[in-house]
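Q: Fold the following, please.
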Amino acid sequence: MNNNSTKFLLLTTLMSGLLISVSSNSWLGAWIGLEINLLSFIPLMSNNKNTYTTEASMKYFIVQALASSTLLFLIISKSMIEELYMMSNNNLMSMIINTPLLLKSGAAPFHWWFPSIMEGLSWSNCFILMTIQKIAPLMLISYSLVMSTFMWIIILMSIIVGSIGGLNQISIRKILTYSSINHMGWMLASMNIGENMWIMYFLIYSLLTLTIIMIVESHQISFINQTFLMSSEMSIIKFLMFTTLLSLGGLPPFLGFLPKWIIIQQMIINEMNFIISLMVIMSLMTLYYYMRICYSSFMILCIEPKWNIQFYHNKVMPTMMILSSISMLGLVLCTLMINIF
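A: Reported below is the predicted structural model:
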């Protein structure tokens, strides 16, 4: 995909499919939007020079086609039984209709396709898959969500799988994948509070993910041991990357802690003490494997090769500085604004 005009066209149709799905007033229209979104992303994934991207695009197509066909079958079945395109808001129907949407968004236990596909993609496509491709399924889930036992099991499984799955990984892509699964659990839990809450969580998560991906892409990093050689002469880059990683894990002084803080408060008010305790303990495990990267990279002394200093620094450095500053100071600024105004 070297043709920029083709990329622009596919990205436009990808976003238009997302908007059709989100703004549709019928389930059939939402399904059409999801299909447009899928068929726009498949050509963006594939690359003739890399066999891994071809394999990843095929896997992604098969999984998404399975979820889409299941969703369409459920829509048609339901419309034949009840009023056309209407969905009664009860526990059983919410569980049935949300299952293919959870498969599309990669929540546990429907996450089995997510790590292997992420491993075969470029960093820009990884960002699209972890953020933009989740908007439509999550929005549709929020429309028909009933917080039943099934949904709480999905939330807890996502948080547990996302925490434990990343412990033995050495690939940055897989670590971010399991982190994304963990955050999916928190986003689904935040839907219990309100629509604005999960949107705020999603925006902060997308900002932090974008910052990390910009840094690792500019230094061509794919594995933990490559961070040892990353810009030892420019320690500021390491500092920005690892503070953003800790923010993504939800360490309190940083912006990533803000949405989790609100969710914890609301769930304690609703007397969900056991569930939120389990969620916090599991999130501490994600912080462990982030801090493992930080400690090893800062404490192990390595000699950096000359060719590691690349031309990316001049282009990306100002943007990385701004995004990382937002990550580090966002919680402080939000607190000041609330107290002043």
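
Q: Can you get me a residue count around Ser69?
A: 12 (other Cβ atoms under 10 Å). Using the backbone N, CA and C atoms, a C-beta is placed for each residue, glycine as well.

Q: OK, contacts around it?
A: Going by Cβ atoms under 8 Å, 6 or more residues apart in numbering, Ser69 touches no other residue.

Q: do that again at 10 Å, thanks
A: By Cβ atoms under 10 Å, 6 or more residues apart in numbering, the residues touching Ser69 are Trp31, Pro100.

Q: Name the residues of the helix or strand hosting it that come out as buried.
A: Here Ser69 sits within helix 51-81, counting by DSSP states H and E. By neighbour count on 16 or more other Cβ atoms under 10 Å, the buried set for helix 51-81 is 53, 56-57, 60-61, 63-64, 67-68, 70-72, 74-75, 78-79.

Q: Please name the nearest non-neighbouring residue to Gln20.
A: Not Gln; residue 20 is Ile. Gly33 (3.4 Å; Cβ to Cβ, 6 or more residues apart in numbering).

Q: Leu39 is in contact with that neighbour, correct?
A: No - the pair Gly33 / Leu39 is not scored as a contact, 11.1 Å apart, by Cβ atoms under 10 Å.

Q: Look at the two and report which has more neighbours.
A: Gly33 (21 against 15).

Q: Show the pLDDT at the more buried one.
A: Listed pLDDT for Gly33 reads 95.

Q: how close does it get to Thr243?
A: 37 Å (Cβ to Cβ, to the nearest Å).

Q: re the thing from before, and whichever helix or strand comes after the helix holding Ser69, how far out from the chain's middle?
A: Counting by DSSP H and E, the next helix or strand C-terminal to helix 51-81 is helix 91-105. Averaging C-alpha positions (Cα atoms, centre = their mean, to the nearest Å) puts helix 91-105 18 Å from its chain's average.

Q: Helix 91-105 - contacts with which helices or strands?
A: helix 27-45, helix 51-81, helix 133-143, helix 149-165, helix 172-190 (3 or more Cβ pairs under 10 Å, 6 or more residues apart in numbering; DSSP states H and E).

Q: weakest of the ones you listed in terms of mean pLDDT?
A: What stands lowest among those, in mean pLDDT terms, is helix 51-81, with a mean of 89.

Q: Quick one: work out the angle between that helix and helix 133-143.
A: 20 degrees (axes from the mean of the first three to the mean of the last three Cα atoms, to 10 degrees).

Q: Could you export stretch 247-258 as PDB, CA atoms only?
A: Extracted C-alpha coordinates of stretch 247-258, given in PDB (Å, rounded to 0.1, in the frame of the first residue of the first chain):
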ATOM      1  CA  SER A 247       0.300   6.300  32.500                       C
ATOM      2  CA  LEU A 248      -1.300   3.600  30.200                       C
ATOM      3  CA  GLY A 249      -1.100   1.200  33.200                       C
ATOM      4  CA  GLY A 250      -2.900   3.700  35.400                       C
ATOM      5  CA  LEU A 251      -0.200   4.800  37.800                       C
ATOM      6  CA  PRO A 252      -1.800   7.600  39.900                       C
ATOM      7  CA  PRO A 253       0.200  10.800  39.100                       C
ATOM      8  CA  PHE A 254      -0.500  10.400  35.400                       C
ATOM      9  CA  LEU A 255      -3.500  11.000  33.200                       C
ATOM     10  CA  GLY A 256      -4.300   7.300  32.600                       C
ATOM     11  CA  PHE A 257      -5.300   7.100  36.300                       C
ATOM     12  CA  LEU A 258      -8.100   9.700  35.900                       C
END
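
Q: What ranges in the stretch 201-341 of the chain fall below the confidence cut-off?
A: Residue ranges of the stretch 201-341 of the chain with pLDDT under 70: 229-234, 296-316, 339, 341.

Q: hmm, back to that, would you format the helices and strands packed on helix 91-105 as CSV with distance to Ile275 included?
A: Output for the helices and strands packed on helix 91-105, formatted as CSV (distance: least, Cβ to Cβ, whole Å):
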stretch, distance to Ile275
helix 27-45, 29
helix 51-81, 27
helix 133-143, 18
helix 149-165, 7
helix 172-190, 8
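
Q: Which one, of those helices, ends up nearest to Met279?
A: helix 149-165 (5.4 Å; Cβ to Cβ).

Q: which helices and strands does that closest one pack with?
A: Against helix 149-165 (3+ Cβ pairs under 10 Å, 6+ apart) you get helix 91-105, helix 172-190, helix 273-299.

Q: relative to helix 172-190, how tilted is that helix?
A: 150 degrees.

Q: sec struct for Lys49, please.
A: With DSSP: H, G, I helix; E, B strand; the rest coil as the basis, Lys49 sits in coil.

Q: What is the neighbour count of it?
A: Neighbour number of Lys49 under other Cβ under 10 Å is 7.

Q: How about the backbone phi and psi for it?
A: phi -80, psi -10 (degrees, to the nearest 10).
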